[in-house]
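Take a look and give me a structure for this.
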Amino acid sequence: MISPGRLIFNIELSRHWTLDFGHWTLNHFNYFTEIEDAFIRRRAKHLLLSPMDWALIESWKEMSVPLHVALRGIEKAFDSWESKPRKRTIKSLLYCQEEVEAQFAEWRAARVGAADEAGEHEESGAQSNEALPFSRAAILDHLQRGRTSLLAVCSMRRKAGADDFTDTLERAAALLAEVEEDFAASASPDTQKLEQSLSGLERMISDAVRAVAGSEQIAKIEGEVKEQLGPYRKHMEPAVYQQTFANLLLKRLREQFGIPRLSLFYL
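Okay, here's the model as predicted:
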């Protein structure tokens, strides 16, 4: 079921949606739908956004909050909620407002002086790299490789016939391009925030992989994983076993679909 707000945007803004050689242009229409999809996906229960939620997204757009910053704020708000679950569920995007706007404030502060520093001498650039776990060039190369891999998988799938998973890969590649551009332009790049954005993208792709995989394919992998973990199961706590099982299942699915790892842990 399409929310009333989304239906209006579908009608009024569909003319802004463009497909350019395997990736989406992140325009006005995408801004609203990506935020809506992220909120619904993290909530894990379909919930129509209210007119107030749509007005909140509009305010973020007018404030020029970058899409990847808004998504990072939503992901972090849900991560915080899940770390200390409450009896009440998150029913509105308003729950994420404070975190999104805090992330935006930090994003703006990190970019202060970025243009000036770009023209300074080389030792300035060397100093900015000292706080990073890897060089800026290595991180940018990792992001570019991930985006190229996503587009390659997307292109192969599109030749066989586009589907929802193909669309997810296109969206992920476009969002990754925005994250990459932002990291390259930042005067004080923050790898922790970058990792949060990458984790959100990986979660989006992983959910899509689970949805597109056939029941027989999943059943086969589950059997293989159970066999692999069999010798260790009696030594593992139930919660640890379930988490390990889920991680290995997802790892096999990602490998079978040729999905690259975006996290900096795989740099």
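
pretty sure residue 36 is touching residue 49, no?
Yes: contact criterion Cβ atoms under 8 Å: residue 36 and residue 49 qualify, at 5.7 Å. Bear in mind the C-beta positions are built from the backbone N, C-alpha and C, glycine included.

Can you name the residues in contact with the longest helix that the chain contains?
Secondary structure of the chain per DSSP state H: the longest helix is helix 136-160. Around helix 136-160, the neighbours that count as contacts under Cβ atoms under 8 Å, 6 or more residues apart in numbering are 22-23, 125, 128-129, 132, 134, 163, 165-166, 169-170, 172-173, 176-177, 179-180, 183-184, 189, 191, 194, 257-262, 264, 266-267.

Mind checking which of these are in helices?
If you go by DSSP H, these have 125, 128-129, 165-166, 169-170, 172-173, 176-177, 179-180, 183-184, 191, 194, 257 in helices.

what about residue 139, neighbour count?
Using other Cβ atoms under 10 Å, residue 139 is surrounded by 21 other residues.

so how far is residue 173 from it?
Distance, residue 139 to residue 173, by Cβ to Cβ, to the nearest Å: 17 Å.

quick revisit: for the longest helix of the chain, list every residue counted as buried.
Buried positions in helix 136-160, judged by neighbour count with 16 or more other Cβ atoms under 10 Å: 136, 139-140, 142-143, 146-147, 149-151, 153-154, 157.

Let me know the angle separating that helix from helix 164-185.
Relative orientation of helix 136-160 versus helix 164-185 (axes from the mean of the first three to the mean of the last three Cα atoms, to 10 degrees): 160 degrees.

need the next SSE after the helix or strand containing residue 32, C-terminal direction.
Assigned by DSSP states H and E, residue 32 belongs to helix 28-43. Next helix or strand after helix 28-43 toward the C-terminus (DSSP H and E): helix 51-62.
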